[in-house]
Every structure is written in structure tokens, then in C-alpha cells.
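Asks: Model the following, please.
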Amino acid sequence: MTSHRSSFIPRFMTACAIHGVGSELHVGSPKTHELRSVGYPHFLAQPLGELAEGKEPRALLFGGGDEYMQRPRSSGASRSWFMRALLNAGLPRMTVHDLRHTAASLAIASGANLKAVQRMLGHASAAMTFDVYADLFDDDVDAVSAELDQARTTAIVSKPRPLMPSDAD
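Replies: Residues are numbered from 1 along each chain as shown. I've put the predicted structure just below:
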């Protein structure tokens with residue numbers, strides 16, 4: 001793994017959160033009251049760029065850019081925009097919060113460190129992130145052992161063996 005980035009990693013900056021109270025949407029600050037940077041994979045750059053085209057930098061990405069989408073419904077026989085999107089994508093019924101857990105799980109599975117996942121989710125501490133997702137780190141024990149074996153092998157192979165008196169003969 002290299003320590004430099006060979007290409008731009010796209011990000012959104014978000015300073016607000018939307019909370020549903022009954023059928024009302026309330027816009028406020030995230031729980032941590034801090035600006036959050038949310039990265040996204042390159043394959044989304046083009047479709048997200050198309051959604052942003054012609055909009056002001058601080059406009060909302062989805063919809064017309066000036067009003068929030070309705071809170072997605074995922075219960076019962078709901079036909080909300082979210083349920084239609086899941087159906088069109090061939091995905092099972094789930095909640096928006098399930099997508100948050102999926103994003104965290106995929107980040108952990110791809111090797112993201114705990115602090116990166118904490119920042120992505122906006123958790124106040126890495127301990128909180130670990131408490132929620134600890135079971136996803138179980139495979140890391142085996143991976144660490146394998147990496148230690150590889151590091152040792154690399155160190156042994158790349159280190160020249162000192163000459164011994166018997167080698168001169």
C-alpha cells in the first residue's frame with residue numbers, strides 16, 4: 001500500500017442533517033455540530049456530476065436543488081421514492097439507515113482503518129464506532145497474522161546474510 005494518492009478522491013462536504021419528526025422534515029446540524037467530509041467512489045463521479053450540473057455549489061444535489069426530498073418510507077406497502085429506487089435497482093426492502101451500516105461494513109471490509117470509518121459516520125469517538133461494528137473486525141486478527149508473516153519473510157529475504165569465517169574457504 002502506498003502512502004500517496006495517484007488520483008483525486010471525490011468528496012462531498014455536509015454541514016447539516018435532516019431529521020424526520022412525524023411527517024415533518026427538520027434541517028439542523030449533525031450530532032457532532034461539525035462539517036463532515038463524505039467520500040464516494042469514482043464510479044459515482046459521473047452520475048453525481050450530472051446531478052450537480054447547473055446547480056450552485058451549496059445547492060442540494062437531488063431534486064431541484066432548493067428543497068429537501070420527502071422522508072423515505074420503508075414500512076409495509078410503501079411506494080416512496082426510496083422503495084421505488086430499491087425496486088428499480090433490484091435490491092431488497094431496507095431503510096436508509098441500513099445503507100449507512102452497509103457503507104460502514106464495506107469500508108471496514110475494504111481495509112479502512114477505524115478512525116476513517118469513525119470520521120465517515122460522524123461518530124464522536126472511535127470507541128463508539130468499534131462498539132457498533134466490532135464483529136466486523138474479527139477477520140482482522142487473521143489478516144494481521146498473515147501480514148506479520150509476510151513482513152518477516154520480506155525482511156529476511158531482503159537482508160543480506162553476513163559472511164561467516166567458514167564462507168571464505
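Asks: pLDDT on the helix or strand T102 falls within, on average?
Replies: Using DSSP states H and E, T102 maps to helix 96-109. If you average the pLDDT over helix 96-109, you get 86.
Asks: what comes up buried for it?
Replies: For helix 96-109, the neighbour count (16 or more other Cβ atoms under 10 Å) marks 104, 107-108 as buried. All C-beta spots, glycine's among them, are computed from the backbone N, C-alpha and C.
Asks: continuing past it, what's the next helix or strand?
Replies: helix 114-121.
Asks: okay, the angle between that following helix and helix 96-109?
Replies: 160 degrees (axes from the mean of the first three to the mean of the last three Cα atoms, to 10 degrees).
Asks: so what secondary structure elements neighbour the helix holding T102?
Replies: Counting contacts by 3 or more Cβ pairs under 8 Å, 6 or more residues apart in numbering; DSSP states H and E, helix 96-109 packs against helix 114-121, helix 126-133.
Asks: P92: which of these is closest?
Replies: helix 126-133 (21.1 Å; Cβ to Cβ).
Asks: buried ones in that closest one?
Replies: 129, 133.
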